[in-house]
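Chemist: Below: sequence and its predicted model.
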Amino acid sequence: MRSLTVLGATGSIGASTLDLIRRNRDEWRVVALTAHSNAADLAGLAREFGVEIAVVADEAHLPALRDALAGSGIEAAGGPAALIEAAARGADVTVAAIVGCAGLAPTMAAIEQGGIIALANKEALVSAGEVMMAAVERYGATLLPIDSEHNAIFQCLTGNERAHVRWITLTASGGPFRDWSWERLSAATPAEAIRHPNWDMGAKISVDSATMFNKGLELIEAHYLFPVGLDRLRIIVHPQSVVHSMVEYRDGSTLAQLGPSDMRVPIASALAWPARMDTPCAPLDLAEIGELTFRKPDEVRFPATRLAREAAQAGGAIPAVLNAANEIAVAAFLGGQISFTRISAQVEDVLGSYAPPPPGSLSDVLDVDMEARARARVLVTST
Ligand code: NAD
Ligand code: MG
């Protein structure tokens, strides 16, 4: 029996993870589940899985969580410190599935326990970069990516030497607006942006897919996870989302990982690693799919991947600035305060105005994140 903690249990990745655990109940003991504010859903899951502790990050919802867990013997806690404390209890596997840099401190606390960290929370790695990778090394943790592209790359790299890699190619669906003109993009609504053609995901990552910031963040994520050099990382648009990413070696062999557009596949790969487990996903029917197509990304309509590449090149604190500015811009877009095309424009403006020195610690990263958010908020209100 292995132990598991899910940070962000009530989200899309949390639900996919717990669906797999539900099908293998006797193999897992769930230590901690966390959520932002949805006390009712969190309590339901906590009772179902008989966890030790359930945590709401927003302390205002702690009384509701306590009520919902009354008589269960399950600990209820609230607030950012409780979130970190729950992550620091350690588990054989911690699924980091909080959205945004809000997941960074608890993910770092889990890393310090030295277990397996199954990472979905790309914003945490993008923000902390070298600081997180150094902690993984120092505490002997194992970082397994569950972002589908990085999970694909991880699988394609297994059994091979990094030194022989010629290219790592991240595939991108291109999002719901991939064929839209600039004029149409400027008038895109939040409802249109969160309607992704292939994947069913949380609101923030859905907007990121529409702007291509998701691929930009993933480029930075890949740069830290698979240090083969930024010039060996490429992006290709692949609308069917069947090939999840590829690695080409010096001899001309390209290895790719294919699968259905269902996050349970990469999550299962991390949960069972280095073994394999069943998923309820329908087998891949390539004859039914018929055609797989590929094209170059358009960085004029979608500047996000250019901005991300520049941020990765600059390194240090710059990816944290990019991430924070994007989080604020996405929230402002979802709140109807700025237009869709302002998201990347605003991120570029913040990057142009703020270039802090490389962070040496988690608290340095959090300071950069806070300052970049403040600057991005000023831009929202002045737009
Ligand atoms: P989601 O919005 O569905 O869920 C987010 C989870 O984090 C929820 O449990 C929520 O309660 C919690 N949360 C939100 N804000 C919080 C805060 N401030 N403090 C603490 N907890 C908070 O998001 P998702 O789609 O599941 O994505 C989660 C992460 O996984 C993101 O980083 C995303 O980029 C990444 N990811 C998601 C997918 C996908 O298919 N959904 C694929 C690849 C990577
Ligand atoms: Mg992805």
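Modeler: That came through, no problem. Ligands and ions are numbered 1, 2, ... in the order given.

Chemist: ok, which stretches of the stretch 151-300 of the chain are strands?
Modeler: Using DSSP state E, counting those that start in this stretch, the strands found in the stretch 151-300 of the chain span residues 165-172, 233-237, 243-249, 254-258.

Chemist: what comes up buried for the last one?
Modeler: Along strand 254-258, the positions that meet the burial threshold by neighbour count (16 or more other Cβ atoms under 10 Å) are 255, 256, 257, 258. Bear in mind the C-beta positions are built from the backbone N, C-alpha and C, glycine included.

Chemist: cool, the third one as well?
Modeler: Along strand 243-249, these residues count as buried under the neighbour rule (16+ other Cβ under 10 Å): 243, 244, 245, 246, 247, 248, 249.

Chemist: Give the single residue among those residues positioned nearest to ligand 1.
Modeler: Set against ligand 1, the nearest of these by Cβ to the nearest ligand atom is residue 244 (10.6 Å).

Chemist: OK, contacts around the residue nearest to that closest one when sequence neighbours are not counted?
Modeler: Once flanking residues are discounted, residue 244 sits nearest to residue 152: 3.6 Å by Cβ to Cβ, 6 or more residues apart in numbering. Going by Cβ atoms under 8 Å, 6 or more residues apart in numbering, residue 152 touches 243, 244, 245, 246, 256, 257, 266.

Chemist: Closest residue of the stretch 151-300 of the chain to ligand 2?
Modeler: Nearest residue of the stretch 151-300 of the chain to ligand 2: residue 218, at 5.5 Å (Cβ to the ion).

Chemist: make that the chain, sorry
Modeler: Counting by Cβ to the ion, the chain gets nearest ligand 2 through residue 147, at 4.2 Å.

Chemist: ok, for that residue, nearest residue in space, not its chain neighbours?
Modeler: Per Cβ to Cβ, 6+ apart, closest to residue 147 is residue 122, 5.7 Å.

Chemist: and the helix or strand residue 55 falls within, which strands flank it?
Modeler: Here residue 55 sits within strand 53-56, counting by DSSP states H and E. As defined by DSSP bridges, the strand partners of strand 53-56 come to strand 28-35 (parallel), strand 75-78 (parallel).

Chemist: This protein against ligand 1: which residues are in contact?
Modeler: When proximity is defined as Cβ under 6 Å from any ligand atom, the chain approaches ligand 1 at 8-14, 35-36, 38, 57, 97-99, 102, 120-123, 147, 199, 201-202, 205, 263.

Chemist: In strands, which of those fall?
Modeler: residue 35 (DSSP state E).

Chemist: re the thing from before, will you turn the strands paired with strand 53-56 into CSV that also has mean pLDDT, mean neighbour count and distance to residue 84?
Modeler: Output for the strands paired with strand 53-56, formatted as CSV (pLDDT from 0 to 100; neighbours: other Cβ atoms under 10 Å; distance: least, Cβ to Cβ, whole Å):
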stretch, mean pLDDT, mean neighbour count, distance to residue 84
strand 28-35, 98, 24, 10
strand 75-78, 98, 20, 11
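
Chemist: mind listing what's buried in the helix ranked longest in the chain?
Modeler: Ranked by residue count, the top helix of the chain under DSSP state H comes out as helix 362-382. Neighbour-count burial for helix 362-382 flags 362, 364-366, 368-369, 371-373, 375-377, 379-380 (criterion: 16+ other Cβ under 10 Å).

Chemist: Leaving out sequence neighbours, find the closest residue to residue 306.
Modeler: That would be residue 299: by Cβ to Cβ, 6+ apart, it lies 4.6 Å from residue 306.

Chemist: What is the neighbour count of that neighbour?
Modeler: 14 (other Cβ atoms under 10 Å).

Chemist: Kindly report the same for the one 3 residues further on.
Modeler: By other Cβ under 10 Å, 26 other residues sit near residue 302.

Chemist: quick one, phi psi at residue 355?
Modeler: Dihedral angles of residue 355 (phi, psi; degrees, to the nearest 10) stand at phi -130, psi 70.

Chemist: wait, it sits on residue 320?
Modeler: No: the pair residue 355 and residue 320 fails to qualify as a contact (Cβ atoms under 8 Å) at a distance of 11.3 Å.

Chemist: These two: which has the busier surroundings?
Modeler: More neighbours surround residue 320 than the other of residue 355 and residue 320, with 30 against 11 (other Cβ under 10 Å).

Chemist: after the helix or strand hosting the more buried one, next one along is what?
Modeler: In the assignment (DSSP H and E), residue 320 maps to helix 318-334. Downstream of helix 318-334, the next assigned helix or strand under DSSP H and E is helix 340-353.

Chemist: Cheers, nothing more for now.
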